[in-house]
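Engineer: please work out how this folds:
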Amino acid sequence: MGYKRCEDSLDPSYFLIENMELLPRGRALDVAMGFGRNAIYLANLGYEVDGVDILPEAVNGAVASAQEAGLTIRARVADLESGSYQIEKGAYDLIICFNYLQRSLVPQIKAGLKPGGMVVYETFIIDQWRFSKPRDPNHLLKHNELLEMFRDFRCLRYHEGIVGTHKALAGIVAEKV
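Structural biologist: Just a heads-up that it's a prediction; the model follows:
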């Protein structure tokens, strides 16, 4: 890949990589981007990438890693839960979110997509409490909840269940129609 791994950064999400052939090119937003593993991956593929996260050190690390790789991402520090950050309406071809759940943000994610735009969303389900964090039900999807959240979109791929021996995840790739 050619970009520096930050301390809590890993390779891009496998769910994102395996679904790239389905996704439209253009402008992308990485919600709760952390150290930017997925944002940098998308920028390397030619996307115009915006990212947002609450942690200044994560955002600064993502921007620095992108620059070191000769890439550009626009990232900002913002508290998604306070309501001070708003996703720009109709601005994105692709919005991604991994390992983060804020149910009240889903309408903004939907509104932020252009017609034909796509969402790739993967996070933990309620079964995760058996393995490790997070354990708070407010941060864990109920069974089939992610599918229900995007029922007004065209679902192209969906998975839900136990992954390996230590994760319980749901993921969706869906198109705004």
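Engineer: and the most centrally placed residue in the chain, what does it touch?
Structural biologist: Nearest to the geometric centre of the chain sits residue 97, at 1.6 Å (Cα atoms, centre = their mean). Residues in contact with residue 97 (Cβ atoms under 8 Å, 6 or more residues apart in numbering) are 30, 31, 32, 109, 119, 120, 121, 122, 123. Yep, even glycine has a C-beta here, placed from its N, CA and C like the rest.
Engineer: in helices only, show me those residues.
Structural biologist: Using DSSP state H, the members of those that fall in helices are residue 109.
Engineer: find the residue closest to the residue in the chain sticking out farthest from the centre in space, skipping its chain neighbours.
Structural biologist: Distance from the C-alpha centroid of the chain, by Cα atoms, centre = their mean, peaks at residue 130 (23.5 Å). Excluding the flanking residues, the one nearest residue 130 by Cβ to Cβ, 6 or more residues apart in numbering is residue 168, at 7.2 Å.
Engineer: what count of nearby residues applies to that neighbour?
Structural biologist: The number of residues packed around residue 168, counting by other Cβ atoms under 10 Å, is 21.
Engineer: so it makes contact with residue 122?
Structural biologist: No: using Cβ atoms under 8 Å, residue 168 is not in contact with residue 122; the gap is 11.5 Å.
Engineer: which stretches of this protein form strands?
Structural biologist: For the chain, applying DSSP state E gives strands covering 27-31, 48-53, 73-77, 92-98, 113-124, 154-163, 167-175.
Engineer: CSV for the ones you listed, including distance to residue 140 and mean pLDDT?
Structural biologist: Formatted as CSV, those follow (distance: least, Cβ to Cβ, whole Å; pLDDT from 0 to 100):
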stretch, distance to residue 140, mean pLDDT
strand 27-31, 17, 98
strand 48-53, 20, 98
strand 73-77, 25, 97
strand 92-98, 14, 98
strand 113-124, 5, 98
strand 154-163, 12, 96
strand 167-175, 8, 97
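Engineer: so for residue 12, which of those sits nearest?
Structural biologist: When those are compared by Cβ to Cβ, strand 92-98 sits nearest residue 12, at 9.3 Å.
Engineer: quick one, the closest one and strand 113-124 angle?
Structural biologist: 10 degrees (axes from the mean of the first three to the mean of the last three Cα atoms, to 10 degrees).
Engineer: name every strand pairing with strand 92-98 and say which way it goes.
Structural biologist: strand 27-31 (parallel), strand 113-124 (parallel) (DSSP bridges).
Engineer: residue 100 versus the nearest residue to residue 106 once chain neighbours are set aside, what's the distance?
Structural biologist: Using Cβ to Cβ, 6+ apart and skipping residues adjacent in sequence, the residue nearest residue 106 is residue 149, 5.2 Å away. The gap separating residue 149 from residue 100 is 14 Å, by Cβ to Cβ, to the nearest Å.
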